[in-house]
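Participant: Build the 3D model from these lines:
(2 chains)
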Amino acid sequence: MGDPGRVIPQPPRLGRRALLLAGVGGLVLAACGGSGGDGGSGASGTSGEGLVAEVASYEPVAGRDQRFIVGLFSEDRGMVSFGEADLSFSFLGADGGGEPRPGPSATATFQPLPGQDVPADGQGPQYTSGAVARGVYGAEGIRFDEPGFWQVEVTAELDGGTERATAAFEVEDRTHVVDVGEPAPRTQNLLPGDADAPPTAVDSRADPDGTVPDPELHSTTVADAIAAGRPVMVVVSTPVFCISRFCGPITDSVQELARRHGDRMDFVHIEVWRDFEANELNDAAAEWIWPDRQGDPAEPWVFLVGADGTIVERWDNVATEDDMARAVEDLLAAERASS
Amino acid sequence: MAVRDHPLVTRVRLAIGGAAVVVIAVGILAVVAWNGGGDATSPAADTHAGLCEAMEVARNDDVEAARAAFYDRSHDGLHELAADANEVDPAAAAGLLEAKFRVEAMLDESPDPAELTAALDTLADATAGAAEVVGEGDVNGCG
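Facilitator: Numbers count the residues shown, from 1 in each chain, chains lettered A, B, ... in the order given. I've put the predicted structure just below:
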């Protein structure tokens, strides 16, 4: 695996189609605003004063417990941040045309995008300046009992009233991305200085001379890390060409973890694009986020791999610094205990 | 004596009249939609206007105000525009995202206001270019 210079078959461009149909951005069916709003329908991107929900989970899958994340915002009033929001799911049928059948419900907590110095929580949800806080609301352990189209109704107490928004999304029967419990791809990712590829194929932030901003993330291959029996965190991302509105400096967050734990495990950044304009994915990235070449690939993803080469955790789209740090520390503690 | 039209003539007249009403109504709606009653602009134009505001305050050394204007008025719109441009002109999308990334990287530090202003100017130009390729041609200069 992992011929990093090879041009793989053309993936669908990571654009709006991916955002809307693959669940990257969800399919926003309805948005309503105001106290006690009841979920009037609308389309993604419609403007107005109402609350809009945008599903941020990349690939909800049927029949398993999983994290579900959704962003809340108003075109006029900005992002919703802090506190909690209630999620109620309904099944809309295999084609989305059925009468809603109630599904699971959960309380979601605010999860800030990486790289922010957000004030301590302790307040309810509120509209915030994007310069102050940005993030999503996430709940763990959500299980969809069958594939098809689902909708989530999000309810939040905002400005002294109850606001609701509804978004639809597709739940698939299986994951299309390498999964927890599976052997990690023994990827021969590009490294700085590889004559085979332009510097920006190593990292979209690379200088023309090949200098990358996070050299610790480009010092080894995943294959070598696993062969050495070291745990490895892999971030598949494109810092420059990320299109999702939930983009954050997740690669920088992984770099920060590398500074703290790099003596005990490896950290690898795999750039998504070999050539963004030509729509060429790096083969190394495809091994992780588009292994079956089915559907629309999405980024970023973060994977945590144990010393035995098995994937133990993965995060789609948004991973908080706390969640990643906790998982790394738990893994290292488990590795120590077993050695 | 009143002259009565043949029923077919009446129907044709009614049809023409109805069509005229429809055409006028559609025309009015189109004008309203385009002008928003005088104020509305395309999303790209709003995004661009936010960059102009950020540039203006950065030029006056107020980096925090520039950060607020960028994230509150332009950031999400830039992502939307990049996604749209990416469907039709990846080079325009690439230029837009590269310019956006430079601004974001500067805002993460303590940027020199003049350098930030220049980066915002480049981003505004890239925004206008991307807006044009997606057919939102009402983006004007910052004046």
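Participant: Say whether chain B is contacted by stretch A:107-123.
Facilitator: Yes - residues of stretch A:107-123 are located near chain B by Cβ under 8 Å from any Cβ of the partner chain, namely A:Gly115. In this view, the C-beta of every residue, glycine as well, is placed from N, C-alpha and C.
Participant: Endpoint to endpoint, that stretch covers what distance?
Facilitator: 15 Å (Cα to Cα, to the nearest Å).
Participant: now do stretch B:49-68
Facilitator: End-to-end for stretch B:49-68, by Cα to Cα: 13 Å.
Participant: Say whether chain A is contacted by that stretch.
Facilitator: Yes - Stretch B:49-68 is in contact with chain A by Cβ under 8 Å from any Cβ, via B:64, B:67-68.
Participant: Report the mean confidence score over that stretch.
Facilitator: Taken as a whole, stretch B:49-68 carries a mean pLDDT of 95.
Participant: and the longest helix for chain A?
Facilitator: helix A:321-338 (DSSP state H).
Participant: Low-confidence regions, the stretch 101-250 of chain A specifically.
Facilitator: Low-confidence segments of the stretch 101-250 of chain A (pLDDT under 70): A:120-122.
Participant: for chain B, same thing?
Facilitator: B:1-40.
Participant: Spell out which residues of it are next to chain A.
Facilitator: B:43, B:64, B:67-68, B:70-72, B:75-76, B:79-80, B:82-84, B:86-87, B:90-91, B:93-94, B:97-98, B:101, B:108.
Participant: now the residues you listed: which count as buried?
Facilitator: B:43, B:67-68, B:70-72, B:75-76, B:79-80, B:82-84, B:86, B:90, B:93-94, B:97-98, B:101 (16 or more other Cβ atoms under 10 Å in any protein chain shown).
Participant: would B:Phe101 count as being in a helix?
Facilitator: Yes - assigned with DSSP: H, G, I helix; E, B strand; the rest coil, B:Phe101 falls within a helix.
Participant: ok, the spatially closest residue to B:Gly137 that is not a sequence neighbour - contacts?
Facilitator: Distances taken as Cβ to Cβ, 6 or more residues apart in numbering or on different chains place B:Ala131 nearest to B:Gly137, at 6.8 Å, with adjacent residues excluded. By Cβ atoms under 8 Å, 6 or more residues apart in numbering or on different chains, the contact list for B:Ala131 reads B:42, B:44-45, B:48, B:81, B:137-139.
Participant: So the residue of chain B found nearest chain A: helix, strand or coil?
Facilitator: Relative to chain A, the nearest point of chain B is B:Tyr71 (3.2 Å; Cβ to the nearest Cβ). Following three-state DSSP, B:Tyr71 is assigned to helix.
Participant: That one against A:Ala131, yeah?
Facilitator: Yes - the pair B:Tyr71 and A:Ala131 passes the contact test of Cβ atoms under 8 Å, sitting 4.2 Å apart.
Participant: Who are the contact partners of the residue of chain B closest to chain A?
Facilitator: Per Cβ under 8 Å, 6+ apart, neighbours of B:Tyr71: A:129-131, A:134.
Participant: So which residues of the stretch 201-339 of chain A form strands?
Facilitator: Under the criterion DSSP state E, counting those that start in this stretch, the stretch 201-339 of chain A contains strands at A:232-237, A:266-271, A:273-275, A:280-281, A:301-305, A:311-316.
Participant: And for the stretch 51-200 of chain A?
Facilitator: Under DSSP E, counting those that start in this stretch, the stretch 51-200 of chain A gives strands at A:52-55, A:66-74, A:78-81, A:84-93, A:101-112, A:126-128, A:135-142, A:148-158, A:161-171.
Participant: The ones you listed: which one's closest to A:Val268?
Facilitator: The closest of the strands of the stretch 51-200 of chain A to A:Val268 is strand A:66-74. By Cβ to Cβ, the value is 22.6 Å.
Participant: partners of the closest one, with directions?
Facilitator: If you go by DSSP bridges, strand A:66-74 pairs up with strand A:52-55 (antiparallel), strand A:78-81 (antiparallel), strand A:135-142 (antiparallel).
Participant: so how far is that strand from its chain's centroid?
Facilitator: Relative to its parent chain, strand A:66-74 has a centroid offset of 11 Å by Cα atoms, centre = their mean, to the nearest Å.
Participant: got the angle between it and strand A:101-112?
Facilitator: Calculated by axes from the mean of the first three to the mean of the last three Cα atoms, to 10 degrees, strand A:66-74 forms an angle of 70 degrees with strand A:101-112.
Participant: returning to that earlier point: go through the strands of the stretch 51-200 of chain A and pick out the most buried.
Facilitator: strand A:52-55 (a mean of 28; mean count of other Cβ atoms under 10 Å in any protein chain shown).
Participant: Correct me if wrong: A:Pro213 contacts A:Arg205.
Facilitator: Yes - the pair A:Pro213 / A:Arg205 is scored as a contact, 5.2 Å apart, by Cβ under 8 Å.
Participant: So those two - more neighbours on which side?
Facilitator: More neighbours surround A:Arg205 than the other of A:Pro213 and A:Arg205, with 20 against 16 (other Cβ atoms under 10 Å in any protein chain shown).
Participant: Just to check, that one is in contact with A:Thr238?
Facilitator: No - counting by Cβ under 8 Å, A:Arg205 does not reach A:Thr238; the two are 9.3 Å apart.
Participant: so how far is chain B from the closest residue to A:Pro114 other than its chain neighbours?
Facilitator: Counting by Cβ to Cβ, 6+ apart, A:Pro114 lies nearest to A:Ser253, which is 3.9 Å off, once chain neighbours are set aside. Per Cβ to the nearest Cβ, to the nearest Å, A:Ser253 is found 12 Å from chain B.
Participant: A:Ser253 and A:Val118, how far apart?
Facilitator: Going from A:Ser253 to A:Val118 by Cβ to Cβ, to the nearest Å gives 14 Å.
Participant: which one of the strands of the stretch 201-339 of chain A lies closest to chain B?
Facilitator: Of these, nearest to chain B by Cβ to the nearest Cβ is strand A:273-275, at 9.4 Å.
Participant: returning to that earlier point: for the residue nearest to A:Pro114, give me its contacts.
Facilitator: So A:Ser253 contacts A:114-115, A:319, A:321, A:324 (Cβ under 8 Å, 6+ apart).
Participant: rerun at 10 Å
Facilitator: Neighbouring residues of A:Ser253 by Cβ atoms under 10 Å, 6 or more residues apart in numbering or on different chains: A:113-115, A:235, A:302, A:319-321, A:324-325.
Participant: Can I get the buried part of these as one ChimeraX selection?
Facilitator: Entered in ChimeraX, the line below selects the buried ones among the contacts of A:Ser253, by 16+ other Cβ under 10 Å:
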select /A:113,114,115,235,302,319,320,321,324
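Participant: which one of the contacts of A:Ser253 is nearest A:Asp275?
Facilitator: Nearest to A:Asp275 among these: A:Val235, at 20.0 Å, using Cβ to Cβ.
Participant: pretty sure that closest one contacts A:Ala319?
Facilitator: Yes - using Cβ atoms under 10 Å, A:Val235 makes contact with A:Ala319 at a distance of 8.6 Å.
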